[in-house]
Structure formats: C-alpha cells, structure tokens
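**Q** Everything below, folded, please.
(chains A, B and C)
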Amino acid sequence: MSQELRTRIFEELDALILIDPHTHIDALSPASQTLVDILGYHYYTELAHSAGMPREQIEEPDISPREKCKRLFENLGPINNTIQYSWLIEMVQTFFGFEDDHVGADNWEALYDAAEGKMNGAEWSREVLDKSKLEAVFLTNNFDDPLEGFDTQVYVPCLRSDDLVFHLTNREVLGRLEEASQSTVSNLESLRTAIGAIFHQFKEKNARACAISLPPDFSPTRISDGRAAMALDAVLNLKLDASESDRRALSNFVFWTLAEHCAAFSLPFDLMIGVNRGVYADGVFQGQDLYDSRVSMIQYKELFNSFPQVTFPISVLASVTNQELTSYAWILPNVVTNGHWWYSNTPTFIEHDAAARLEAVPRTKQIGYYSDMYKLEFALPKFAMYKRILAKILSERFVIDRRWKEEQAIDFGKQVLRGNVETVFGYSN
Amino acid sequence: MSQELRTRIFEELDALILIDPHTHIDALSPASQTLVDILGYHYYTELAHSAGMPREQIEEPDISPREKCKRLFENLGPINNTIQYSWLIEMVQTFFGFEDDHVGADNWEALYDAAEGKMNGAEWSREVLDKSKLEAVFLTNNFDDPLEGFDTQVYVPCLRSDDLVFHLTNREVLGRLEEASQSTVSNLESLRTAIGAIFHQFKEKNARACAISLPPDFSPTRISDGRAAMALDAVLNLKLDASESDRRALSNFVFWTLAEHCAAFSLPFDLMIGVNRGVYADGVFQGQDLYDSRVSMIQYKELFNSFPQVTFPISVLASVTNQELTSYAWILPNVVTNGHWWYSNTPTFIEHDAAARLEAVPRTKQIGYYSDMYKLEFALPKFAMYKRILAKILSERFVIDRRWKEEQAIDFGKQVLRGNVETVFGYSN
Amino acid sequence: MSQELRTRIFEELDALILIDPHTHIDALSPASQTLVDILGYHYYTELAHSAGMPREQIEEPDISPREKCKRLFENLGPINNTIQYSWLIEMVQTFFGFEDDHVGADNWEALYDAAEGKMNGAEWSREVLDKSKLEAVFLTNNFDDPLEGFDTQVYVPCLRSDDLVFHLTNREVLGRLEEASQSTVSNLESLRTAIGAIFHQFKEKNARACAISLPPDFSPTRISDGRAAMALDAVLNLKLDASESDRRALSNFVFWTLAEHCAAFSLPFDLMIGVNRGVYADGVFQGQDLYDSRVSMIQYKELFNSFPQVTFPISVLASVTNQELTSYAWILPNVVTNGHWWYSNTPTFIEHDAAARLEAVPRTKQIGYYSDMYKLEFALPKFAMYKRILAKILSERFVIDRRWKEEQAIDFGKQVLRGNVETVFGYSN
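**A** Residues are numbered from 1 along each chain as shown, chains lettered A, B, ... in the order given. The predicted model follows:
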C-alpha cells in the first residue's frame, strides 16, 4: 500500500515543471560537451581519488576528454554504491539511452560516443532543459560577470559574493571590483559605491538573489564606520599582510553592506553556512573542502534581527545544524530553509532533515531543493532523488501517520518544489 | 500487518489514564474560556507571525478575543502543514465536534461560538480532564505562588526556580522572595533560609519537583561560601549593575543551594537544558527564544556526581543533545530522560530521540512525555501525537525488529507513559 | 514483501565467516568460564547500577561468581528493554539451549549450571568461534604484552597505545616501556627507539593495527624536536607534576611518533575518537566513562594531511559526529569508517549512521562492524544485531528505494562485513 502510494505521489511531483534556484551553470556553456564534463565533476573525481586513484592520473594536464573518462570509468567500481554513482547511471540512461545498470571498463566507450553525438547537437541544452522539465535555472555569477549573451529569464543571474567578503585582500579581486564597478576603491564611501554599482548591474539583469558560502566560525556583526575605515586602509595598504583582525573587520563590514544592499534592492540573501575551504590540501579540484559541524545559527542573531526586510534562504552543510535551521525558520519571518547542501545532499540526511522541516516550518518558507550543478544534465537525477525522498516522507509521515489526503500531500510537495521558488525569489515568467 | 499492529498498540496506550508531569497550567483557570486561549498559544502566533502576519496585528491591545481569533484563523493557511496545526484540528474535532479537516476564514466563526458555549460550562475543566483521560497535571509555579484554591492532588505544584537562579539581581524578584519567605535576605545564611522556607511551603502543598530552564552556556559548579558571600553583597548593592562574574557566581550558588534543598526535601530537580532567551527581539509573546545546540551534558558532571541522592529528570532542547542525555541516563543512576521539549517536540525528532532512549536507558528511568501546556485542552492532541509515535516505535523496533510480544511492548509503553511518572515523582493518588 | 526481503538478505549475510577487527579478548582466556564473565561485562553492571542496584552489591570483593550472577539476575528486570539485555538472551539461547525469553530470579540457576558445564569443556573457545562463524578476532594488546602462547592467525595482535600517549607521566608505564623495549628512555632519541622496538615486536607477531582511544579535546599536532625534548625532560623529572602544557606536548609528540611508525611498519592506525574517562567517579568498573559530543574531525586535519600513506580506520563515540566521519572518508583516501562504537552501538544510531555511510563512502573504505568484546560469546549477538540492521538498510534503502538487485545488495553487505577487513588490515589466512 505504502509503496504504491509513494509511487503515485512521486509521479505527480515528477510531472512538475521546475525552477532550479541554485546552480553553478555557466550560461554560455550550460550543458556538457563530452562525458568528461559529467565525469569530471568533483563528486566523481574526489570519490575515485578517495578510493585510491592517484590525483596525478585524474588531473594529468593535456590528456584528452576521452582518456580522462577512460581512466575514471575504470575506477568507478569502488564507488558504485554511492548515490552520486546512481546519478550518473540515471543520467546516462535517460539522456543517452544507456541500458546497463553499471558503467565501467567494459562498456564505457560506446556510451562515450553516443553521449558525444548527442551533446554535439545544436539544441542539446534545450533538449536537456526539456527532458529535465526545467523552466529556468538560477546561476551563481561572479560580481564582475558581464551577464551578457544569454536569456536571463532562463538563466537567472545571482550575485556570488564570497570574493567581496573574503578576498578583498587579494589585489586581483580589488582590481576586478574597480573595473566592474567603474570606480576607484579608496575609502568606505567608494567601497559602498562600488558594491552599489554591482548590485545595480545585477538587478538590471534580472538577478534574483545574492549568495555566499560561509565558514563555520563566521559570525556576522555590524562594524562601525570608524573601525571599518581603519580596516579598509590596512587592507588596501597591506593586502594579504593585513592583520587577521583587520581582515575580519573588513569582511564583516562588506558582509553587512551586502545585507544593506539586499534590503535596498529587494534581493534575498542566500547564506550557505559551514564550509572550511582547503582542509585536504592534496585533494582533487573542488575536492578539498570539508567542515566543522560545531556551528550555530545563534551566530547570525544580530544579522537576522537587523534585517527584518531581507529574506535569508539558508543552507547548512551539516545535518546536525538542520534542527537549528528548522527552529529559526519556524520563528523568524526572514529565515527560509533552502535545499540540502553538499555533504547533506545524500538520501539519509535529506530524509531526516526534510521531514523535520516539512512538519514544523510554515509551508511558504521552505525551498525544497536546488541542484547546485555545474552542468545541466545533473538536475534530472538530483531532483529525482529529492522527489523520491519527498514522496516517501509525504506518504509515510503525512498520508499514513497524519491521515492527510493524497492531494493535500501532493499540493504541499509542489509548493516546496516550485511554488516557493517563485514567491521567495520573486520569480515569474 | 505493521499498520494494524501499530494501531492495536496505540489503542492500548490510548486507553491509559495519564498524569501530565510538566505543564504551565494555571490551577485557578486551567481550561480555555474562548478559542483565543488556544489560538493565542505561542505555537500559533509565532508560526503565523513567521509566515508573514505582522506582530501588531496579532498583539494589538484591546482587541476582543473574537477579533483576535478571526485574524489568526485567516492566517493559518501557510502553517497548515505543521504538526502544531494538527493539534488544533484534533482538539476542536474532539472537544467541539468540529467536522472539517481545516479551519480558516470560511468556517471559524461557528467553531468559535460552539467552543465558547462549551467552555462556559461550569464543569468545562473537569470535562476536558475526563475526555483527555488526565488524572492529574503537574504545574510550574512561581516561588511566591500561594498554591491555594485548588486540589493539589489534581493540580500538583512544582517549584519553578528560574527567577531565583537568574534574576535575583532584579529588585522586584528579591522583594518577592523576601515576602514569600517572610524573611530578609542580607547574607548567605538568610538567603539559604529564605530558599528553605520556599521549599517548605511547596512541600507542604504536595509539590513533586523543582524545575528550571537553563541556557546552553550554563555549567553548574559549587561556589565557596566566601566567594558566594562576595557575589551576594555585590548583587544586593548593585543589582543589575553587578559584574557578570558576580552574577554568575550568585546564580551558581543559588542553583547549588536548590540542589541541596532537593536532596533535603526529597524532590526531583527537573532540568530543561539549552534555551537562549530573547534571541528574536521582535518576536511575538513567548516566540522570541531559540538556542545554540552546542551544549553538552558534561557541563553537569560536577552536579551529577555531587548529588547522587537527587533525581534529575532532564529535557534537552536540541535533538543533537539527545544521545548524550541517553548515555548519561544509561550510566548515571540519578539521570532520568524526560519528555520531548519544545523545538524537539515534533514527530521526526521525537521518533529518533525516543527510539534511542527506549533501547538503551533502563525502562524505569524514562518519562515518556509531558505536554508543557498552558491550557488543559492541549494535553489531548499532544499526548496523542506522542502515543502514535510510541506505538510506531514499539511496533517497528520492538515487535518486528526484535520479536517482542505485543503485550511486552504495550507494558513497556504504559510504563514510560504513566508508571514512571508515579515512581520518579513519588506520585500516588 | 520488504519483511521477507530483509530476512533473505540477513540469511545470506549471516552465512558469512567473519573476522572481528576490534576486540578486547584475552587470547590466553578468550571465552567465559562462568556466566559471571558475561554478566560481569560493564554493559550489564552499569545498567543494573544505573537502575538502582548499589555498586557495593555488584562489586563486593570475594563473592563467588554464582552469588554475583544471582544478584545481577535479580536486578535485570528494569533493563530488560535494552538492546544489551537482548544480546544476553540471544547468547544464552544460542550457546546453552536456553528456551525462555527472559532470565531472572526465577530461572537463572539452571542456566548458570548449564552454562558452567559447557564452558568447562576443553574446546569451549573453539566451539564459540565455530558457532559464531568467527575465523579470527583482533586483539587490543598492551604495548608490553609478550604476545605468546596463542595462534596469532586466530587471535591477531593489535597495539593499544593509550598508555604511551597519555600515561608516560606514570612511572610504572615508563618502566614497562623500558622493560618491554629493552632500552632506557632518557631523551627523544631513545624514546623513539623504544617505540620502534615495540612496533618491531608487534609486527613480528602478525600485528595488524595500532589503536588508541582519544578524548574529545585531543587535536594532534606535530611538535618540534626542541619542544618535545623539553617536554620529555619535564615529564621524566616531574612525572605527574609536569605542567599541563608539557604533558600535552609530550602526548602529541608520542602520538605523532606512533603515526610515523604506522607509516614505517605499514600498519593502520585505529582512532577511536571522543571518550571522556572517569566522568562518573562512583560508577562501576568500566562504567564511568562518558563524553562531550562537541568534537570535530577538523581537529585531525594536520594528521590526515601529514600521513597520506597511513590508513586511519576511525570510530566516533557520538552519532552526531558520524556525518563528519562520513564526509572525511568520502574525501580523504586515508580515512576509513570503522564500526559503531559503544554509546553509538545501539540500533537507532547504527541504522542512521550506517545508512549515511553506505550511500556516500566508497564501498572499499567501510569496516561495517567490530564487537569490542571482552569474551568471545559476545560476537554472536552483537554481529547479529548489526547484520539485521544492515539487512534492513540494504533492503529498504538499496533494493526498494534505489532498485538494486538483491545480489548486489548482498555483495555489498558482505564486503563491509568481511572483505574490507581483509583489505584494510592486510589480513589473509
């Protein structure tokens, strides 16, 4: 009974046209060109590396896409239990008519060729969007991205602000800011002006959010102008040699300024809380970051209280932080739960975390899922994973445990999958 | 199979007459007088507020109960997914014969009138107790509550000690203590005497516990009389201007003194660990508190070792602390697990937390549930929620996974629901 | 359907011959001689004590095994809900033909006699190994254990290094090290030599791992030779009076030196992270340790980066640390997940923790389970518990949720139960 119910709910959810509210898609090259764009995704390289494949073999310069794929396919055996591997199989079955339930040394080559054939089609990205039932995907653009050459109704810009907050000590970043904002940054006022110019440009291009990923020890606080001016001077003069205290003060000042601009420009501020960068120095590309789960939403108390007019869609890296996120979204009007991020984007954690949110956070304040993908092909299997889990929770915990009608459960599922993306980010097409 | 088993176990548990071992009931006005006493509960106001309803609309002074209910009912749509909303529906269906499965703008008014009619009946509290199968409810009384005018066998006093521990810096609190204890507090000795007088009064009135809620950074420690005397002097002289260090020392001294009196008066000391008060300054009444889940039972090591003769029924605010609670109750004879508190009082967390306790803590040392209610009507749906989850755990994890007999599972369920309340708190009627 | 599937998978897993990769077995006396060796296990004494049995009654000197068993059996009622009690029942049913589903005051005596009869048989340990389908068990030997008088292919030595890291301040420990290594420890060089001699001896005796349990605040770091020399001098001169700073520096130096020797001798280094010793001073033997779950794998960042050539099979004490362990094993080639330790060795935590690992960590890098037992009889019920949970996860989360074939799931289960023990620890018979 429960199994069929789950299937029925899944099918209803699966019929929905989606908006993906957080990705790393390059709008000028949204889909894959060969399988290496898929297999080179850090989820596969880092797992293959973790299972024993030398980094030098994976990241050898100048090897062909085919050769790199060959090497990786030959090393997928030890990771064929992972959910990430299942995304791969679902992708190649759906997009390339692959029929085996595994892919490896014995059968990768025909797949590679079939995929290349499809990917070279002129309308490949459009096909992927259609097959994935994707109406639009949100991007994560660098602050100096020109945001040109694509349809911003389909590829919706969002301002990635990590560099501004954490890397103004870097001369190159500062240079990019000055160029992008067409201004010189020499004091607080001109820094604010530069940031304002960036927001203005993004808003003109249909930007729907400002986004940032934050380390576990970050605890935003308002910095006085006097202190901030000192810190900025130090950073402008000393760059990477500026003291930890000055760098931190400037980071806080910029962060707070971003929140002020989110208020002024009516943009949600996506916070992705908890990542420690570069923990594993010898890891593969994008496979070096980890975390410390000892983080608390209380660190954001001052921020949430200071910006009631800004919506904060929040992702947490560790499942142990999910209850705090749930509770803060239950109480604070400006906190919204946002998807299942990275190390928490696996079924057991999604199931536990989503169930807790669905039953305690107002239904209007939950963004069910985003794919976080770099290439369009990933939305399909990632969303499918989420929809299966959502259908499981809705059938077991709402229809069975709480005697909801099936339609009620489906409506709720659709709202967290799509409706809330529209209302929270003010998206309409 | 599993579904019917679960239902059978639930029905057996549901037949039990209960004692609710922790509530905030006002014994002189235990039940609701209009629906506003139900809908004004912070669980609804804070969720409606979080979903977008302005606080001014909710808390406008001098609006009638009917008007306040109208406003809230019109704003329940966005929270109709929550377990809290389901309590409301179950309550009004059970007590007022309400037949719809939702309540909102279209159908609240008849319900309001029906409820008011019932609530005005002379025997309403008795009816609620009977329908809820409640034999007695424990209260949480201020230390200067006269505890008069009610049957202390049904409304069982418990001493709430938050003010004594954390607010003696407040002149009004000190005044209340002096008046209630009929003594002047000028030094350690007279402070001890005053506290002793309070315990004496409570014990005379059938008190069954001392209770306190504690912030996550509280770590009780024994303070020497010399240090405590200095701290008390500072607080008596400077009140709120006393140093953080003196205030903390005095809090610790009073807390320790309470534990000593729990030992002397044979009262369990309910500890409710983990709340940060006033995190969201602009929240509605009772909807401002949150937490930091980075708390450990190790903070109570000295306390547990120092008072082997005192039973500590313990609630933790965050589910991530539940394993520590489980382990400490498994090892320490004086630690008892106590219910599912506040932000952990939702099905997903209850299921995970209760399952962990049921299989690792001696069966005699688990208080299954308390309602924490302010009005009597809430016990029924809250306990029903718990009993359904308990039946689920017992059927799936004990009868199916561990091949227990159905009767064994039911007996165990009854013990955590009722038997242990009697033995842990020395309650008998 | 799901129930039969689970049973079929369990039966396949249950047919496997096992290697137990972490126990505290005494190879010279591996099995129990009377029931007191089973009932005296801390899991029973601490639970009976926690439920109210006085320590003096449990640990009265000079009582006979029979009397001690009698007392404990009479006090098992309050703990008959626990999973630990279920191990006892499964053990006595399997090994001694016990037919009741409870054991207590009314029926313990016949059981005691039956057990004693069996245990006195000359081939008892062999019978237990056979009935438990155990091919070999790893030991946890003190560094000065002569490792003689037993078959090291069946009882496989592992070097327990807690004393070396944390107790060199203890004159007796230092004496034992000097004796075991046949050297005098007077400076860094001779300390390194002594440790090297120990490793050499263990390696000669087929040792398969170095193991250590670590407190939550331990954060290994490389200590310069200069600093380490100063610290060693202080500890050699002052012993327990050495400063906290010197003791900590020496602990770190020794720990790092162990890691270097694990590299040199190709031994995995089992880290068991999170225990606070002696929290409950009045607890029974081995029933005094608890923990602080605020621990992070980030504390081991420097270690993992410094020793890529050493495999670290890691156990964490608290389930809330399991996601970090999972993520670190997903990224770092030298981190392997290892079993379910102590306070996390109960079904609810195992289920949640194992599910998270099985779907995100390479299948080659997961050691499913070890018994941690002191007497051979415990492997059977403990492994059976794990195998039942593993079968549940594989059937529900792999076959049903992810449409795996049943054989795939069984193969995966066998790999984490047995295959990886062979490959990770280089065991072959």
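**Q** so A:Met417 makes contact with A:Tyr369?
**A** One correction, residue A:417 is Leu, not Met. Yes - A:Leu417 lies in contact with A:Tyr369 (Cβ atoms under 8 Å); the separation is 6.8 Å. The C-beta positions use only the backbone N, C-alpha and C, and glycine is treated the same way.
**Q** Compare these two and say which is more crowded by neighbours.
**A** For A:Leu417 and A:Tyr369, the more surrounded residue by other Cβ atoms under 10 Å in any protein chain shown is A:Tyr369, and the numbers stand at 27 against 23.
**Q** before we move on, back to that, who touches both of A:Leu417 and A:Tyr369?
**A** Both A:Leu417 and A:Tyr369 are in contact with A:Leu390, where contact means Cβ atoms under 8 Å, 6 or more residues apart in numbering or on different chains.
**Q** Return the residues in contact with A:Thr364.
**A** So A:Thr364 contacts A:Gln415, A:Asn420, A:Thr423, B:Ala51, B:Gly52, B:Pro78 (Cβ under 8 Å, 6+ apart).
**Q** Recalculate using a threshold of 7 Å.
**A** A:Asn420, A:Thr423, B:Ala51, B:Pro78 (Cβ atoms under 7 Å, 6 or more residues apart in numbering or on different chains).
**Q** ok so it is a helix residue?
**A** Yes - membership of A:Thr364 in a helix is supported by DSSP: H, G, I helix; E, B strand; the rest coil.
**Q** so how far is chain C from it?
**A** For A:Thr364, the distance to chain C (Cβ to the nearest Cβ, to the nearest Å) stands at 29 Å.
**Q** Go ahead and produce CSV holding the CA coordinates of stretch A:341-350.
**A** Extracted in CSV, the C-alpha atoms of stretch A:341-350 (Å, rounded to 0.1, in the frame of the first residue of the first chain):
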residue,chain,number,x,y,z
TRP,A,341,23.6,21.1,0.5
TRP,A,342,26.7,19.1,-0.5
TYR,A,343,27.6,16.7,2.3
SER,A,344,24.0,16.7,3.4
ASN,A,345,22.7,16.1,-0.1
THR,A,346,22.5,12.3,0.4
PRO,A,347,19.3,10.3,1.0
THR,A,348,19.6,9.5,4.7
PHE,A,349,20.3,13.1,5.6
ILE,A,350,17.8,14.6,3.2
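**Q** Find the closest residue to chain C in the stretch 151-300 of chain A.
**A** Scanning the stretch 151-300 of chain A for the residue nearest chain C gives A:Asp292, at 4.3 Å (criterion: Cβ to the nearest Cβ).
**Q** where does chain A dip in pLDDT?
**A** Residue ranges of chain A with pLDDT under 70: A:1, A:429.
**Q** How about the longest helix seen in it, which residues are buried there?
**A** The single longest helix within chain A, with elements called by DSSP state H, is helix A:244-264. Buried residues in helix A:244-264, defined by neighbour count with 16 or more other Cβ atoms under 10 Å in any protein chain shown: A:246-262.
**Q** same check, this time on stretch A:2-20
**A** A:Leu5, A:Arg6, A:Arg8, A:Ile9, A:Phe10, A:Glu12, A:Leu13, A:Asp14, A:Leu16, A:Leu18, A:Ile19, A:Asp20.
**Q** Spatially nearest residue to the spatially most central residue of chain A (excluding sequence neighbours)?
**A** What sits nearest the mean C-alpha location of chain A, by Cα atoms, centre = their mean, is A:Asp372, with 3.5 Å. Nearest residue to A:Asp372 in three dimensions, chain neighbours excluded: A:His22, at 6.0 Å (Cβ to Cβ, 6 or more residues apart in numbering or on different chains).
**Q** Is A:Ser428 within a helix or a strand, and which one?
**A** Using DSSP states H and E, A:Ser428 sits within no helix or strand.
**Q** which ones are touching it?
**A** By Cβ under 7 Å, 6+ apart, A:Ser428 lies in contact with A:Glu422.
**Q** Starting from B:Gly77, give me the distance back to it.
**A** Note on A:Ser428: its distance to B:Gly77, by Cβ to Cβ, to the nearest Å, is 21 Å.
**Q** Which parts of the stretch 1-150 of chain A are helices?
**A** For the stretch 1-150 of chain A, the helices defined by DSSP state H, counting those that start in this stretch cover A:2-14, A:36-39, A:42-50, A:55-58, A:65-73, A:83-96, A:108-119, A:124-131.
**Q** neighbouring contacts of the longest one?
**A** When contacts are defined by Cβ under 7 Å, 6+ apart, helix A:83-96 is touched by residues A:38, A:43-44, A:47, A:76, A:79, A:98, A:101, A:103, A:111, A:114-115, A:118, A:131, A:346-347, A:377-378, A:380-382, A:384-385, C:359-360, C:402.
**Q** I figured A:Phe304 hits A:Val335, correct?
**A** Yes - between A:Phe304 and A:Val335 there is a contact under Cβ atoms under 7 Å: 6.4 Å.
**Q** who touches both of the two?
**A** In contact with both A:Phe304 and A:Val335: A:Phe312, using Cβ under 7 Å, 6+ apart.
**Q** For chain A, which residues are neighbours of chain B?
**A** Contacts of chain A with chain B, taken as Cβ under 7 Å from any Cβ of the partner chain, map to A:294, A:296, A:298, A:301, A:305, A:308, A:320, A:323-324, A:327-328, A:330-333, A:352, A:355-356, A:358-360, A:362-365, A:397, A:401-402, A:412.
**Q** any idea how chain A splits into domains?
**A** Following automatic domain parsing, chain A resolves into domains at A:34-119, A:127-161+A:205-218+A:261-425.
**Q** and these, which is most packed in?
**A** Scoring the domains of chain A by mean neighbour count under mean count of other Cβ atoms under 10 Å in any protein chain shown gives domain A:127-161+A:205-218+A:261-425 as the most buried, with a mean of 22.
**Q** That one: how far from the chain's middle?
**A** 7 Å (Cα atoms, centre = their mean, to the nearest Å).
**Q** what's the answer for stretch A:113-127, then?
**A** 25 Å.
**Q** looking at the sheet around A:Ile367, what are its partners?
**A** A:Asn338 (DSSP bridges).
**Q** likewise A:Ser213?
**A** Beta-bridge partners, per DSSP bridges, of A:Ser213: A:Met272.
**Q** can you tell me which residues contact it?
**A** Neighbours of A:Ser213 in contact, by Cβ under 7 Å, 6+ apart: A:Asp162, A:Met272, A:Val275.
**Q** my guess is the residue nearest to A:Asp372 meets A:Tyr370, correct?
**A** Yes - in this structure, A:His22 is within contact of A:Tyr370 by Cβ under 7 Å, at 3.6 Å.
**Q** hey, what's in contact with both of these two?
**A** Common neighbours of A:His22 and A:Tyr370 (criterion: Cβ under 7 Å, 6+ apart): A:Gly339.
**Q** all helices of the stretch 301-429 of chain A, in order?
**A** Counting by DSSP H, counting those that start in this stretch, the helices of the stretch 301-429 of chain A are A:301-306, A:322-331, A:347-358, A:379-393, A:406-414, A:420-425.
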